[in-house]
Structure formats: structure tokens, C-alpha cells
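Trainee: Show me how the following folds:
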Amino acid sequence: MAKLTKNQKKAHAKIEAGKAYTLQAAAALVKEITTTKFDASVDIDVSLGVDPRKANQMVRGIATLPHGTGKTVRVLALVTPDKEEEAKAAGADFVGLDEYVAKIEGGWTDVDIIITTPACMAKVGKLGRVLGPRNLMPNPKSGTVTNEVGKAVTEVKAGKIDFKVDKSGIIHASIGKVSFPADKIYENALEIISVISKLKPSAAKGTYFKSIHVSSTMSPGIAIETKSVAGI
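Mentor: The predicted model follows:
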């Protein structure tokens, strides 16, 4: 195991061993233990009592964080000419269809979210080999295949995030930046936890929320007392 730096030792010292914190306390503590010189991301890891190998226990959803993620989200709208102005007005960074399909086929993926319409999926669907592994493939369930292109772009820019449980039964998501006030980190965390709670599969038995941790880039994780989170 790598040796801890002086700042990492200080961060670990501020977290009581074996203690689970309230979500409010963790939102404040994550700011204290972050020593990076850049504005680090704040992340949440939620371990669920599900078996994601079974289709009826897959947990996937969308949360609109009330205070956004703090990240600049680059949006590509793959749309027909009649939808281009709507996408541009909503703030899409790249707008078009055939030229961008060709660029993606050539390996270009310099975007964070791709939004398209059902009518364009015949062309976009062929890009699965490039977009799938990068989790960029538009999906009706996540609201990125829609005729309401402007609304979708606006929501993504405002802090709408798409999440799904990984092979280990864990959901990882970015919920802000350490520069956010603690109450905004708390409210963003509470929103995604509330959404995950509502998505509990009926086939999942036993404890649903096995553990919740909040951390920032390069900081240790802070365990959350799940019973302290209202509504789960």
C-alpha cells in the first residue's frame, strides 16, 4: 500500500475510525478533508443489496441535482435541420447530424452527453460500437432520445445526471464540487439518494442501502449512517 502524504494523514485524522456520519455532517466534513489545489469533485458511492446480473434487479435512473454538478457539460445534439435552432437556443455545444455521425465513426467522442430524436436513431444506432463503451449512447430511458430536444439540453446543462448500478452493485455519481457550500452538497446528495430509494426493484430482498460513502477527488471516503437519511 502506498504511503500517505502529510495532507492525506491530516485528512484521515479528521475522520473517526468506524464512525458513520449524518449526511449533513459528511457534506461539511468532505470540504475539510479535501487538500487538492484544484476544485475537486464531490462523489457519492451507494452500495445496494441487488444482483445487477439479473435484469429485474438492475437499478438505473435520472436525477436532476438542485444545484448542478459544477461541471461544464459538453452536449452534442444529433438532430435534423428542423431541430437545430431549438438545440442551439437551449445551449447545445455541437449541433448537426451527418457530419457528426462521420466524425464519431472516425473516433471523435469529445463530448459528455449526446441527445438525439427517435427519427435519427437509425443513423445514431450504428454508432454503438464507438459510443457504447464510453457510455455515450443516447437512451430513451435516460431522456436522451426525445422529440423535446431543447428541454433535454436545458435539463442536462442544469444538472441532470444519468446513473446505473455497476457489476458490484454500486452506484457512483458526481454530486458537485468542494467549492459548493455544505448545504448544497447535502441537498444534491439527498436528491440522488431519494431517487435511488424510489427505484428499489421489487425482486431485491433484504437490506437495499448496504452503505453510502461521500468523498472528493483523492480524499478518503466518509461513511454515512443510512438511518439518518430521511425517506430511505
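Trainee: unless I'm mixing things up, Ser228 is touching Thr22, no?
Mentor: Yes - taking contacts as C-beta atoms under 8 Å, Ser228 lies within contact range of Thr22: 4.2 Å. Every C-beta, even on glycine, is put in place using the N, C-alpha and C of the backbone.
Trainee: which regions of this protein lie under the pLDDT threshold?
Mentor: 1-4, 8, 11, 230-231 (pLDDT under 70).
Trainee: Which stretches in it count as strands?
Mentor: 41-48, 60-64, 75-78, 94-96, 113-116, 160-164, 170-177, 209-216, 222-223 (DSSP state E).
Trainee: Does Pro220 touch His12 like I think?
Mentor: Yes - Pro220 lies in contact with His12 (C-beta under 8 Å); the separation is 5.6 Å.
Trainee: Compare those two and say which one has the larger neighbour count.
Mentor: Using other C-beta atoms under 10 Å as the criterion, Pro220 and His12 rank with Pro220 on top: 16 against 13.
Trainee: TSV for the strands of the chain, including distance to Ser142?
Mentor: Output for these, formatted as TSV (distance: least, C-beta to C-beta, whole Å):
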stretch	distance to Ser142
strand 41-48	18
strand 60-64	6
strand 75-78	13
strand 94-96	19
strand 113-116	9
strand 160-164	4
strand 170-177	13
strand 209-216	22
strand 222-223	28
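Trainee: Please tabulate those strands in JSON lines, including the columns distance to Lys31 and mean neighbour count.
Mentor: JSON lines is the format used below for the strands of the chain (distance: least, C-beta to C-beta, whole Å; neighbours: other C-beta atoms under 10 Å):
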{"stretch": "strand 41-48", "distance to Lys31": "8", "mean neighbour count": "22"}
{"stretch": "strand 60-64", "distance to Lys31": "21", "mean neighbour count": "16"}
{"stretch": "strand 75-78", "distance to Lys31": "29", "mean neighbour count": "26"}
{"stretch": "strand 94-96", "distance to Lys31": "34", "mean neighbour count": "19"}
{"stretch": "strand 113-116", "distance to Lys31": "28", "mean neighbour count": "26"}
{"stretch": "strand 160-164", "distance to Lys31": "21", "mean neighbour count": "20"}
{"stretch": "strand 170-177", "distance to Lys31": "10", "mean neighbour count": "21"}
{"stretch": "strand 209-216", "distance to Lys31": "8", "mean neighbour count": "20"}
{"stretch": "strand 222-223", "distance to Lys31": "11", "mean neighbour count": "20"}
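Trainee: So the closest residue to Pro66 other than its chain neighbours versus Pro52, what's the distance?
Mentor: Distances taken as C-beta to C-beta, 6 or more residues apart in numbering place Glu187 nearest to Pro66, at 5.3 Å, with adjacent residues excluded. Distance of Glu187 to Pro52, given as C-beta to C-beta, to the nearest Å: 28 Å.
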